[in-house]
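A.B. asks: Sharing a model prediction with you, sequence too.
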Amino acid sequence: MSDTHGLTLLSTLHEDGRLTVELAEETLPAPKGDEVLVRVEAAPINPSDLGLLFAAADLANADYAEGRIVARMSDPARRALVGRVGQPMTIGNEAAGTVMAAGEAPEAQALLGKRVAMIGGGMFAEYRLLGAAGCMALPDDVTAEQGASAFVNPLTALGFVETMTREGHKAIVHTAAASNLGQMLVRICQEDGIPLVNIVRNEAQVAILQDMGAEYVLDSSQEDFVARLQDAVAATGATIAFDAIGGGHLVSQILNAMEQVVSKNAPYSRYGSDILKQAYIYGALDMSPTILTRSFGFGWNIGGWLLFSFLQKASTETAERLRQRVRDGLTTTFASHYKARISLKEALSRDAVLTYSARRTGEKYLIVPNG
């Protein structure tokens, strides 16, 4: 097989603070060993992609041309990202497509001609060369669009439940809960009988989750939010939270509600309850500082939660068990919904960029690199 030529999306931060995002031609060699060459047919734009794609660039005042954006970064933002200066970065955590060619290894040959979901970066491209281990064969009745989001959101939602179980908690609090990921978590918890407190930011999002049958759905913009949060934590016994917001007071409010519940009938202690209250921040929808008002004693912990770190620590059996559950539920439990489908060139248009970079809950975009 000869080399394959296609387009890929690159993001480059320059020493002078310019950020260039552009389509570039690339040449991919024929696959060898366990490698496969995949024609990319669908790739979702996840929040985790946006940090690498645009960083903290000023997109509102950027220069937009066909297939190219030039934006400016503030000096503090540029200094914080000095490690990537001058390096063209490929973008896109996951995608789905058809295997066009395969190396000689049996695991690669087994995928030849099949539709696969992929993970491993560089997916905002017309073609992707990667190892067979980064692919998951899709059922024959699952389209590339249905399989494009088979990794990040499904495995994150399942990872939350796995983490909850391992750490001895029995219920979850989740923020930005009307997202594609949040809706998957609602369905998983319904299937597994796990109490779930869902926190959203407006009444429209409340309606989305209530229509799905979610029992505890709280609007953080309402005046009675804190009281309702405490009631929901009391009803579920939740002592672990997964937060997609990052900035602001929300994590502190959640920990405080947990403390109020677990210490209500316990003997007074100046140190608070000794029941661990755990909050994991896994997103950054709000880039402002995380503000803690320490009214929740000393039995608490805040950490970061990252899917790839979770998978690296998981056993082979656990990873395969979770993948199999995703395969079985791609069109039901783990179904994703998209606001719009755009080409690689359209992904760099001003209107599209300003919309999907706003990271609005429930407004997921899908790139279709080959039309």
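C.D. replies: Here it is on my side, so go on.

A.B. asks: Spell out the residue ranges of the strands in the stretch 101-250 of the chain.
C.D. replies: For the stretch 101-250 of the chain, applying DSSP state E, counting those that start in this stretch gives strands covering 115-119, 127-131, 135-137, 172-175, 196-200, 216-219, 240-243, 246-248.

A.B. asks: For those, give me CSV that also has distance to D274.
C.D. replies: In this view, the C-beta of every residue, glycine as well, is placed from N, C-alpha and C. Putting these into CSV (distance: least, Cβ to Cβ, whole Å) gives the following:
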stretch, distance to D274
strand 115-119, 40
strand 127-131, 47
strand 135-137, 43
strand 172-175, 20
strand 196-200, 22
strand 216-219, 26
strand 240-243, 16
strand 246-248, 28
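
A.B. asks: R323: which of those is closest?
C.D. replies: Across these, the minimum distance to R323, taken as Cβ to Cβ, is reached by strand 135-137, at 6.2 Å.

A.B. asks: Summarise which helices and strands that closest one is packed against.
C.D. replies: On a contact count with 3 or more Cβ pairs under 8 Å, 6 or more residues apart in numbering; DSSP states H and E, strand 135-137 meets strand 115-119, helix 316-328.

A.B. asks: Please work out which of the ones you listed is packed deepest.
C.D. replies: Greatest average neighbour count among the helices and strands packed on strand 135-137 goes to strand 115-119 (a mean of 24), per mean count of other Cβ atoms under 10 Å.

A.B. asks: strand partners of that strand, parallel vs antiparallel please.
C.D. replies: strand 94-102 (antiparallel), strand 135-137 (antiparallel) (DSSP bridges).

A.B. asks: Of those, which stretch is the most buried?
C.D. replies: strand 94-102 (a mean of 24).

A.B. asks: quick check, distance from it to the centre of its chain.
C.D. replies: With Cα atoms, centre = their mean, to the nearest Å as the basis, strand 94-102 stands 21 Å off its chain's centre.

A.B. asks: That strand vs strand 127-131, what angle?
C.D. replies: Counting by axes from the mean of the first three to the mean of the last three Cα atoms, to 10 degrees, strand 94-102 lies at 80 degrees to strand 127-131.

A.B. asks: and the end-to-end length of stretch 62-79?
C.D. replies: Taking Cα to Cα, to the nearest Å, the first and last residues of stretch 62-79 lie 20 Å apart.

A.B. asks: So what's the model's average confidence on it?
C.D. replies: The pLDDT scores in stretch 62-79 average 94.

A.B. asks: Make residue 1 into 8 and carry on from there
C.D. replies: All right, first residue 8 from here; so that's stretch 69-86.

A.B. asks: Identify each buried residue in that stretch, please.
C.D. replies: Within stretch 69-86, the residues scored as buried using 16 or more other Cβ atoms under 10 Å are 69, 71, 74, 76, 78-80, 84-85.

A.B. asks: partner residues bridging the residue nearest to R135 when sequence neighbours are not counted?
C.D. replies: Sequence neighbours aside, V45 is the residue nearest to R135 in space, at 4.9 Å (criterion: Cβ to Cβ, 6 or more residues apart in numbering). On the basis of DSSP bridges, V45 is bridged to V106, R135.

A.B. asks: ok, how many other residues are close to V45?
C.D. replies: By the criterion of other Cβ atoms under 10 Å, V45 has 28 neighbours.

A.B. asks: Provide a list of residues in contact with it.
C.D. replies: Contacts for V45 were tallied using Cβ atoms under 8 Å, 6 or more residues apart in numbering; they are 102, 104-107, 123, 125, 134-137, 142.

A.B. asks: now swap in A37 and tell me
C.D. replies: When contacts are counted by Cβ under 8 Å, 6+ apart, A37 is found next to 8-11, 44, 108.
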